[in-house]
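Next come a sequence and a model predicted from it.
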Amino acid sequence: MSGNRYLLDTNAIIQLLKGNEQLISILGQAEFIAVSVISRLEFLSFSGLSDNDKMLYESFEKRISLIDLSTKDMNLLNTIVETRLKGALKLPDAIILSTADVLNCILLTADKKLLVQSHLETLSFEPI
């Protein structure tokens, strides 16, 4: 797995947009940065999100790859089902983990449940 390919969990997006220096440093050398459509939906549906937060996210999204769910990508869909069944995860977490797995990315997250998934390379960070 390449150390320069990352998929960001929702908590990583929040921290990055807050200016978390550790994440900025990690992602500064990335060759590929992606976000699942699930994380996009989670982030943009926060009730306290300001217009400035939305604009900042939209600017960020223009610089990365947004990964959607498609019925044409049976590999991803099957991986999501397998991941959810093996890990007893909530569906959004299984989608995010599976997306990182299928894209051969390191998952950047502070979610302890996702960090212990042994089949996937994950990387944690210190929230600010």
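Happy to help now that I have it.

how much space between the residue of the chain positioned farthest from its centre and residue 57?
For the chain, the residue at maximal distance from the C-alpha centroid (C-alpha atoms, centre = their mean) is residue 51, at 22.1 Å. Using C-beta to C-beta, to the nearest Å, we find residue 51 at a distance of 11 Å from residue 57. (Glycine included, C-beta is placed from N, CA and C.)

same question, residue 41
12 Å.

Just want to know which of these two has more residues nearby.
It is residue 57, of residue 41 and residue 57, that has more neighbours when counted by other C-beta atoms under 10 Å, with 19 against 11.

what's the nearest residue to the more buried one if we skip its chain neighbours?
Beyond its immediate neighbours in the sequence, the residue positioned closest to residue 57 (C-beta to C-beta, 6 or more residues apart in numbering) is residue 43, lying 6.1 Å away.

Now do the contacts for the one you found.
Residues near residue 43 by C-beta atoms under 8 Å, 6 or more residues apart in numbering: 10, 13-14, 49, 57.

would you say it is within a helix?
Yes - secondary structure of residue 43 (DSSP: H, G, I helix; E, B strand; the rest coil): part of a helix.
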